[in-house]
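Asker: From the sequence below, what's the structure:
(2 chains)
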2 protein chains.
Amino acid sequence: TGPQQGPLFEHAIEQIEPGEIALLLESLPIDERLERWEQVTPEAQVDVLVAMRAQARAAILRTLPEPVLTQLLGRVNAESLIELVDDLPESLVDDAVSRMSQNQRHWFEQASRYSDDQIGRYLNHDLVLLPPKIRAENALRALQRATEPFSDHAYMVDGQGRYLGMVSMKQLIALPPSQRLGDTTGSEIAPLQTASNLVDATEAVEHSGLAALPVVDEEGHLQGRITLQLALELTREAYESRLMATVGLDEETDLFSPVLQSSQRRAVWLGINLLTALLASWVIGQFEATLVQVVALAVLMPIVASMGGIAGSQTLTLVIRGLAMGQLSQGNLRALLAKELGVGLLNGLLWAGVIGAVAGLWFSDLATGLVMAVAIAINITVAALAGVAIPVILDRRKMDPALSGSVVLTTVTDVVGFFTFLGLGSLVLVS
Amino acid sequence: TGPQQGPLFEHAIEQIEPGEIALLLESLPIDERLERWEQVTPEAQVDVLVAMRAQARAAILRTLPEPVLTQLLGRVNAESLIELVDDLPESLVDDAVSRMSQNQRHWFEQASRYSDDQIGRYLNHDLVLLPPKIRAENALRALQRATEPFSDHAYMVDGQGRYLGMVSMKQLIALPPSQRLGDTTGSEIAPLQTASNLVDATEAVEHSGLAALPVVDEEGHLQGRITLQLALELTREAYESRLMATVGLDEETDLFSPVLQSSQRRAVWLGINLLTALLASWVIGQFEATLVQVVALAVLMPIVASMGGIAGSQTLTLVIRGLAMGQLSQGNLRALLAKELGVGLLNGLLWAGVIGAVAGLWFSDLATGLVMAVAIAINITVAALAGVAIPVILDRRKMDPALSGSVVLTTVTDVVGFFTFLGLGSLVLVS
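Answerer: All right, here's what the predicted structure looks like:
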C-alpha cells in the first residue's frame, strides 16, 4: 500500500509543519503510519501528535515503550499535554507535570479545571506580559524580542496577574519612549471569560478584527488568549463533530483504526438503530392480517416511511444549524414552526398527489391511491413538526441534537408512516 | 413573534458589528427582519448584507426600491460587491462598478475571473503596498498609518505590481532607518496562487503562523491576501455546505425563506428520493406472490434495508471526510476498502446473529431467522463496499459526494436489502 504517498511523504516531512505531517500520518494504514512516524524529527513529534485526531494518535502512542514516551514528554508544554492527557497513562502525565516549569504546571492545572466545550481548556499561553509601570521603549523592546506568532500585541497585568489592558506595537511606537504604559488609555478590548463556550469565544475573536483576544478567569486574572488560528482549529473540530455525529461517530474517529475497534464503536449505533427498526416492524406486525389480504400495502409502505424521513431530516438539519449558531429562541420558535408546517403541508399535498396517482395506476385501484395520498400528506406534515420539536427538546435537555436527533426523528416518521398507511389501508381496503 | 428578541436587538444593534447583526437578522421572520433592517445604520448596511446568507439577504434586497439600492451601493468596494453580485439586477451592478475607483474596479474585474471555489474570488485588498526602494523609516510610517485589521505586515511590489516579498513591523523597527527595503532579505514567504482551491488556501494560512498570506496571479502580480479571519469564514461556509448538502439543501438556505420558495427547493430533493423509493418498491413488487404466502417477510423487510443504510452511511461519512481533507489517494484506497470490508463483515455477522435470533423467535421459525441473518450479513457487507466506492467514484466524476452520496447509497442498500431478503425468502420459505 501507499506507493504514491511514500516519496511525497519523504519529501514533505522535512519541509512542512506538524499540522500537515499529522494529516499525512492519519491517511496511512497503521503499520505504514508507524514506519513513517520514525521519520518525524524528535522536535516535531509532540506537535504532530497534538495535531492528530485522538484515535489516530492513540494508534501511535500505544506502540511506544514507556522510556520513549517519557523522553517525548520531556519538554511538553501545558497546551500540548492537555490535548494528550486522555491517551497517556496517568503516571506518565504526573511525571511530565512534575518536570514542567512552575508556570507551565500552573497553566496545566488551570486548563484541567475546564470542560471540553469551554475555552479555558484550550488557551494559548505564548503571551507577552507587561507591568503597567513599564516605559513605552522597554515595552516595545519586549515585543520585538518575542518570537511567538501573533505577538504584535502585549497584555498588561498587575502584580496579581489581573488583566489591565492590551497594547499594540503600533500604539507603542506612537508613544513617547519614556511614557509609562499604565498612564495611557490603551485599547479598550473587553477580555473573554475562561468559562465561555467555544462557539461564543471563536465568534468573538473572528469579529474582533484582532489576531487574538485575551481570556480572564472569574477573578479577572489573565489566563491566556485565543488566537484566530486556535479559533479556526476549534471551529473545524466542532463541525467535524457535527458531521460525524449524524452517523453516531465522533470527530476523533481514525480512517484506519483497527477493524475490531472500529466495529465496536459502530456496532453501538447499529444496535440503537435496530431498536427503532424493530419498533417499526412491530407496528407493521399489527397489520399482518391486512397485509395478507392487500399485498399492495407491503409493496408501497417503504415509500411512505422514506418520504417522511427525508422531509423531516431537511427540517431537522435546518433547525440544528439554527441551534448551533444561537439563532433559535423562544421568540422565533413559533414563527419557525408555522413556516415549517407550511412547507410540510405544501410538500405533503404535492407529493400526496403525485404518489397517490402513481400508486393508483400501478395497482389499478383508486382506493389504494387515495390511502397512499392521505398517508403521505400526514407523514410529511408530522415530519415537519417533529423536525422542529425534536432538536429543540433535545437541546433543552442538554442532549446533542446532532447525535440523537436523526434516530428519534426516523423512529417518529417510520412509526407514524407505517401506522397511518396500514391503519388507513385496514379501514378502507380490507373487505 | 419575537417579543424577547426585540429589546435585545435594539440594545445590540448599536454596539455590535455587522457579522453579529447579520446573524440576528437571519433569526427573524421576514416581516420582522425588514422592520429591524431599517434600524441598521447606513454605514453598516452593506457589511451586514455581505455577512448574511444569500437567501436571507435576498429577502431584504427584494423589498428595496432601486434608488435605495443605488444609494446603498454608492461606496461599495470590490470585495463586498462580488458577494452581492448574484442577488442584484445587472444594471445596478454595472452602475456600481462604473462609480468605483479605478483600483476597486480592477479588483472587482479580477475577482470575477475566478470561480466559487477558488481563493482569487474572495481576496482581501486592504494591503499596505511598498516599493522596494522605500527606506525603512518611511515604510514603518506607512504601516503605522494603516488602520486595516492585521496590518502589521506590508507587501513589497515592483512597478508592475509583481510581488517581491513581505516585511513585518518588527523587522522594520530592527532595520537602520535609512536602509532601503529592496536591499534587505525580508521574510521568505511563498505567496499563494489565485487559482488555488479554498481548502488548500485556508490550510496554508492556518499553518503559516501569520495573520495573512499574500496571493498572486499566474504572472506573479500581487492580487490581495487571505487573512485568518477570511480563512475562518470560508471554512465555516464549506462545512455548512457539507452539512446542508446531506439533505439536498445549500449553505445559503434561510431559516425564514418564504414557504413557497422553501417548498420548491425541498420538493426537488423529495422527488429524487421518491425515484429511489419507487425503485425499492418495484423490487418488493417482484415478490408479491412470496409476500402473500409468508407475511413475516413483509414485517421484517424494513429492518434489512435500514441496517444496511445505517452501516453504509457510517462508511460514507468517514470517506467523504477523508476526501474533503485530501487524505484519500490511489495509495491508501485499497487499504481503506479492506478495512471497511472487515468492519462490515464483523458487524454484518454480529447483527446477523442477533437479528436472526430475534426474527426466529418472533415468528417461531428457524428458517425465517436464517434467511434474515444471511440477508443482514450480505447487506451490511455490501453497504461497506458501497460506502467506500460511491463517494470515490462521484468525486472522480467531479460530482459532490456530500450531495449525492447518500441518495445513491440508500438506493443500493434498499435494493440489495429487499432483493436478497425476499429472494432468499422465496427460495427457502415458500413451499
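Asker: wait, doesn't residue A:301 sit right on residue A:284?
Answerer: Yes. Counting by Cβ atoms under 8 Å, residue A:301 touches residue A:284, with 7.2 Å between them. Placement of C-beta: from N, CA and C, glycine included.
Asker: And residue A:82, how close does it get to residue B:99?
Answerer: 53 Å (Cβ to Cβ, to the nearest Å).
Asker: what about residue A:224, which SS state?
Answerer: strand (DSSP: H, G, I helix; E, B strand; the rest coil).
Asker: which secondary structure element contains the residue most central in space within chain A?
Answerer: When Cα atoms, centre = their mean is applied to chain A, the residue found nearest the centroid is residue A:238 (2.4 Å). Assigned by DSSP states H and E, residue A:238 belongs to helix A:228-245.
Asker: Same check on residue A:415?
Answerer: Counting by DSSP H and E, residue A:415 is part of helix A:401-428.
Asker: how distant is that helix from the center of its chain?
Answerer: Mean-position distance between helix A:401-428 and its chain equals 29 Å (Cα atoms, centre = their mean, to the nearest Å).
Asker: quick check: domain ranges of chain A?
Answerer: Segmentation of chain A into domains, based on automatic domain parsing, reads A:5-112, A:129-228, A:259-428.
Asker: where does the stretch 151-300 of chain A dip in pLDDT?
Answerer: A:185-187 (pLDDT under 70).
Asker: For it, which segments count as strands?
Answerer: Using DSSP state E, counting those that start in this stretch, the strands of the stretch 151-300 of chain A run over residues A:153-157, A:163-168, A:192-193, A:212-216, A:222-227.
Asker: Might you report the residue contacts of the residue nearest to the centre of chain A?
Answerer: Contact analysis of residue A:238 by Cβ atoms under 8 Å, 6 or more residues apart in numbering or on different chains lists A:198, A:199, A:324.
Asker: Same question for residue A:336.
Answerer: A:319, A:322, A:328, A:388, B:29, B:255, B:256.
Asker: 7 Å instead?
Answerer: Applying Cβ atoms under 7 Å, 6 or more residues apart in numbering or on different chains to residue A:336 gives the contacts A:388, B:255.
Asker: What helix or strand is it located in?
Answerer: Per DSSP H and E: helix A:330-362 holds residue A:336.
Asker: could the strands of the stretch 151-300 of chain A go into CSV alongside mean neighbour count and distance to chain B?
Answerer: Shown next, in CSV, are the strands of the stretch 151-300 of chain A (neighbours: other Cβ atoms under 10 Å in any protein chain shown; distance: least, Cβ to the nearest Cβ, whole Å):
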stretch, mean neighbour count, distance to chain B
strand A:153-157, 23, 9
strand A:163-168, 20, 8
strand A:192-193, 20, 15
strand A:212-216, 24, 9
strand A:222-227, 24, 8
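Asker: Turn those into a markdown table, columns for distance to residue B:362.
Answerer: Formatted as a markdown table, the strands of the stretch 151-300 of chain A follow (distance: least, Cβ to Cβ, whole Å):
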| stretch | distance to residue B:362 |
| --- | --- |
| strand A:153-157 | 67 |
| strand A:163-168 | 65 |
| strand A:192-193 | 55 |
| strand A:212-216 | 57 |
| strand A:222-227 | 55 |
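Asker: wait, which of the ones you listed is closest to residue B:67?
Answerer: Nearest to residue B:67 among these is strand A:212-216; the distance by Cβ to Cβ comes to 40.7 Å.
Asker: counting contacts, what elements does that closest one pack onto?
Answerer: strand A:163-168, strand A:192-193, helix A:198-208, strand A:222-227 (3 or more Cβ pairs under 7 Å, 6 or more residues apart in numbering or on different chains; DSSP states H and E).
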